[in-house]
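Trainee: What shape does this take:
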Amino acid sequence: MHRRLPLSVAIPLLAVTALVLFGLSLTSGSVPLSPGDVAAALWSDAPTLARDVVLELRLPRALSAFAVGGLLALSGAILQVLLRNPLADPYVLGVSGGASVAALVAIMLGLPAAGVDGLAALGALAACLLVYALAQGPGGWTPTRLLLTGVVVAAGAGSVVSLLLALGDETRLRGMVFWLLGDLSRSERWSWLMSLLAMAAIAGALLGRQLNVLARGALQAASVGMDVRRLQVLLFVGSSVLTGSAVSAAGSIGFIGLVTPHLVRLALGSDNRVVLPASALLGGVLLMAADLAARVLIAPRQLPVGALTALVGVPLFLLLMYRQRS
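Mentor: Numbers count the residues shown, from 1 in each chain. Just a heads-up that it's a prediction; the model follows:
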C-alpha cells in the first residue's frame, strides 16, 4: 500500500512533537514554571509549590489528555473499518450519549468524581448493549443497521441530556455543561488510561492485516476463511470500551476520533497495521495541544477542551473532504 510519508520520518516526528507538547504542558499555565523548576519538581522530594503544581495537576492532566486523545482516535479508526464508512466516529454508536446521560445524573445527585466516572462507564456500556440489541435483525446485524441504530440512540441520548440540563440545579449547571464540553481537570486515572491505550494500540497493530481484509468487504473476508462475525463483534465491543473509558474520564470531546484517522491515511496510506498505532499517537498529540491551548489562552481561566477541538475539527474536516473530492 502506498505511503506518502515514510514511517521513519512520520513516527519520530510525532514522538518529538508529543515530547515538546508534554514539556510545554508542564511549564505553561497560570503559574509559569521554568524547565529547571519542572526538573527540580520531578526529581526532588522537597515540598514546594512547583512540585505540587507539576505532580498533582499538570503531569496527570497531560498524560490523561494524551491517553484520551489516543483512545478516541483509535476507536474512530476501528469504527471506520468496521462500518466501512469514512464518517464513522466514536460517538456515532451512541456510546458517548449513554455515558453523558449517566454522568449528568451522577452530577445532579451530587456524587463524587469517582461516582461520576463509574456511572459514566456504566452508561456507556448500557448504550453499547442497547445499540447491539436493537440492531439485530434477520441474519444478525449489518454495518448499515448498526450505524443507523447508533445515530437514533445518540439522538435520543442528546434529548435526555437537554432535559437533564433543563431540570438540573442551577448551582451544578455550570459543572454539568463544562463536563459535556470536555473536561480534563479530573485526571486521577491517567495510569489506567495510558495502560489501556498501549494495549489497544498493540492489539490494533496485530489485527491490522485482518482489518485490511475486512475493509474490502465482509464477503471477501469470509472467502479467505476469516471468522467475520467474531471479528466484527470484537471490534464493536472494543471500540465501545475505548470510547466509554475516554468519555468517563474527560467528558464529550468531539472530532478527534473523526479527523485523526483521515489525517493518518492521508499521510501514511491505508494499511491498518500502520493506521491504528499512528492514529493513537496523533490523537494523543492533538488533544494535548488542544488542552494546552485551553489552559493558557485565557489563563487563569480555562476553556472547555471539547469546544476547541470542535472549532478546529470542523474546518479541518471540511478541508479534508474538499481535498478528497478534488
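Trainee: Pull up the gap between the closest residue to residue 62 other than its chain neighbours and residue 51, please.
Mentor: Spatially, and ignoring its direct neighbours in sequence, residue 62 is nearest to residue 25 (3.9 Å; CB to CB, 6 or more residues apart in numbering). Where you see a C-beta, it was placed from the backbone N, CA and C, and this is true even at glycine. With distances taken as CB to CB, to the nearest Å, residue 25 is found 16 Å from residue 51.
Trainee: out of these two, which sits in the busier spot?
Mentor: Neighbour tally, residue 25 and residue 51, criterion other CB atoms under 10 Å: the higher count belongs to residue 25, 23 against 18.
Trainee: May I have the residues that are in contact with the residue nearest in space to the middle of the chain?
Mentor: Centroid-nearest residue in the chain, with CA atoms, centre = their mean: residue 72, separated by 2.1 Å. Contacts for residue 72 (CB atoms under 8 Å, 6 or more residues apart in numbering) come out as 90, 242, 243, 246, 253, 256, 257, 260, 283, 287.
Trainee: Now list the buried members of those residues.
Mentor: 90, 242, 243, 246, 253, 256, 257, 260, 283, 287 (16 or more other CB atoms under 10 Å).
Trainee: Now residue 110: which helix or strand?
Mentor: Under the criterion DSSP states H and E, no helix or strand holds residue 110.
Trainee: who's in contact with it?
Mentor: residue 172.
Trainee: Residue 11 now?
Mentor: 278, 281.
Trainee: Please apply the same query to the one 4 residues further on.
Mentor: When the contact criterion is CB under 8 Å, 6+ apart, the partners of residue 15 are residue 281.
Trainee: Just the buried residues of the helix or strand harbouring it, please?
Mentor: Remark: residue 15 resides in helix 7-27, with elements defined by DSSP H and E. For helix 7-27, burial by neighbour count (16+ other CB under 10 Å) applies to 10, 11, 14, 17, 18, 21, 22, 25, 26, 27.
Trainee: Please name the nearest non-neighbouring residue to the last one.
Mentor: If you skip the residues right next to it in sequence, residue 27 has residue 33 as its closest partner in space, 5.0 Å away by CB to CB, 6+ apart.
Trainee: which SS state does the one you found fall under?
Mentor: coil (DSSP: H, G, I helix; E, B strand; the rest coil).
Trainee: What's the per-residue pLDDT of it here?
Mentor: Looking at residue 33, its pLDDT reads 88.
Trainee: Tell me which residues touch it, please.
Mentor: Applying CB under 8 Å, 6+ apart, we find residue 33 in contact with 26, 27, 41, 50, 53, 54.
Trainee: per-residue confidence for residue 201?
Mentor: On pLDDT, residue 201 comes in at 93.
Trainee: Could I get the contacting residues of it?
Mentor: 70, 74, 276, 277, 280, 281.
Trainee: now the helix holding residue 15: mean pLDDT?
Mentor: Rounded mean pLDDT across helix 7-27 is 92.
Trainee: can you check stretch 272-290 too?
Mentor: 94.
Trainee: in terms of contact, does residue 217 touch residue 143 like I think?
Mentor: No. With contact defined as CB atoms under 8 Å, residue 217 does not reach residue 143; the gap is 10.2 Å.
Trainee: So for those two, which sits in the more crowded spot?
Mentor: residue 143 (17 against 12).
Trainee: residues near the closest residue to the more buried one other than its chain neighbours, how many?
Mentor: Distances taken as CB to CB, 6+ apart put residue 83 closest to residue 143, at 4.4 Å, once the chain neighbours are dropped. Other residues near residue 83 number 23, with proximity taken as other CB under 10 Å.
Trainee: Nothing else from me, thank you.
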